[in-house]
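Engineer: Need the 3D shape of this:
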Amino acid sequence: MPTIALLNQSGEKINDLVLSDSIFGIEQLNQQVIYDVVNCQRAAMRQGTHDTKGRSEVSGGGRKPWRQKGTGRARQGSIRAPQWRGGGTVFGPTPRSYAFKLNKKVKQLGMKNTLSYKVKENALIAVDAIKFDEIKTKNFIKFLADIKAVGKTMVVCAPEELTAEAVLSASNIPGVFLAPADNASVYEILCYKNLVLTSGAVAYYEEVLK
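Structural biologist: This is a model prediction of the structure:
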C-alpha cells in the first residue's frame, strides 16, 4: 500500500497516511480509460451554440428569379438557394449538445487511475485539514508555501470542509484551484501539477470509489 506523509496546515509532518491500494496504488495505469473520461468531460464543456442559416432561414428569395423555360438559362426556383451568393448553407452546424454518456464504473476507474498517477509522480500532497478564519489571499499563499506546493496546484477537500473563507482566499491566486471532492473532475486534476488532498478528501474517495 502506498504511504505518504500527512502534513498539518503549517507544513509539519504529523503522521504517515496509508492509502488504499485499489485507488491510489494502481501499478499499470489504464491510459485509455483516462483519455475516455477526459474526452467525455471536455465534450460536456462545449457550448454547442454554433448556428448557420439554411435556405428556409435566410431573408429574400420569395419569388422565382425568372421563368422556368425559354430563357436559355438554367432553371432556378429561388435566389436564396445554396448555389447563389447570399444563399442558405447546406448541412451547416446547428445548436446541439456534444455530451455523451460513460458508464459509472468507467468514470470511477478513470478517477482511480488519475489519483494513482499523481501518487506515482510524487505530485500528491496530503494535508490533515484546511481551515481559514478570515478571507485573506496571503494566508492561502502562505499555506501553499508551507506545504511546498510549487506551481499550478489543485486543492481538494471533503464537501463538508469547504468554507467561504477558503474559497474566497484561493479565488484570486493564479494557477490555484480549490474544489470539493464530489465536484473535482479527472480533467481538472490532470491540468494541475500538484494535487493537495485533505484527509477528509482521501476518506471520501476511499469510500466512494471502493
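
Engineer: State the mean pLDDT of the longest helix belonging to the chain.
Structural biologist: Once the chain is assigned using DSSP state H, the helix that runs over the most residues is helix 104-120. In this model, helix 104-120 carries a mean pLDDT of 96.

Engineer: and if you look at stretch 176-192?
Structural biologist: The predicted model gives stretch 176-192 an average pLDDT of 96.

Engineer: Over to stretch 34-45?
Structural biologist: The predicted model gives stretch 34-45 an average pLDDT of 97.

Engineer: Show me which positions of it end up buried.
Structural biologist: Residues of stretch 34-45 classed as buried: 34, 36-38, 40-41 (neighbour count, 16 or more other C-beta atoms under 10 Å). In short, each C-beta sits where N, CA and C put it, glycine included.

Engineer: just curious, which of those residues is nearest to T71?
Structural biologist: Nearest to T71 among the buried residues of stretch 34-45, counting by C-beta to C-beta, is C40 at 55.8 Å.

Engineer: Let me know the helix or strand that that closest one is in.
Structural biologist: Under the criterion DSSP states H and E, the helix or strand holding C40 is helix 31-45.

Engineer: what comes into contact with that helix?
Structural biologist: Contacts of helix 31-45 with the rest of the structure, by C-beta atoms under 8 Å, 6 or more residues apart in numbering, involve 98-102, 106-107, 109-111, 113-114, 117, 185-187, 190.

Engineer: Phi and psi next, for the residue lying farthest from the centre of the chain.
Structural biologist: For the chain, the largest distance from the centre (C-alpha atoms, centre = their mean) belongs to G70, which lies 62.4 Å off. Summarising the backbone geometry of G70 under the convention degrees, to the nearest 10, its torsions are phi 100, psi -10.

Engineer: Please apply the same query to L195.
Structural biologist: According to degrees, to the nearest 10, the main-chain angles of L195 amount to phi -120, psi 120.

Engineer: Enumerate the beta-bridge partners assigned to it.
Structural biologist: Here L195 sits in beta bridges with L124, M154, going by DSSP bridges.

Engineer: circling back to that earlier point, now that we have the contacts of helix 31-45, which of them are buried?
Structural biologist: Buried subset of the contacts of helix 31-45 (neighbour count, 16+ other C-beta under 10 Å): 107, 109-111, 113-114, 117, 185-187.

Engineer: picking up where we left off before, what angle separates the helix holding C40 from helix 104-120?
Structural biologist: For the pair helix 31-45 and helix 104-120, the angle between their directions (axes from the mean of the first three to the mean of the last three C-alpha atoms, to 10 degrees) equals 110 degrees.

Engineer: how much distance is there from helix 31-45 to the middle of the chain?
Structural biologist: The gap between where helix 31-45 is centred and where its chain is centred comes out at 9 Å by C-alpha atoms, centre = their mean, to the nearest Å.

Engineer: next one: stretch 104-111
Structural biologist: In terms of C-alpha atoms, centre = their mean, the centre of stretch 104-111 is set 14 Å apart from its chain centre.

Engineer: Equivalent analysis for stretch 16-25, please.
Structural biologist: 24 Å.

Engineer: coming back round to it: can you redo the buried residues of stretch 34-45 as TSV, where the extra columns are distance to F143?
Structural biologist: As requested, the buried residues of stretch 34-45 are exported to TSV (distance: C-beta to C-beta, whole Å):
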residue	distance to F143
I34	29
D36	34
V37	30
V38	29
C40	33
Q41	28
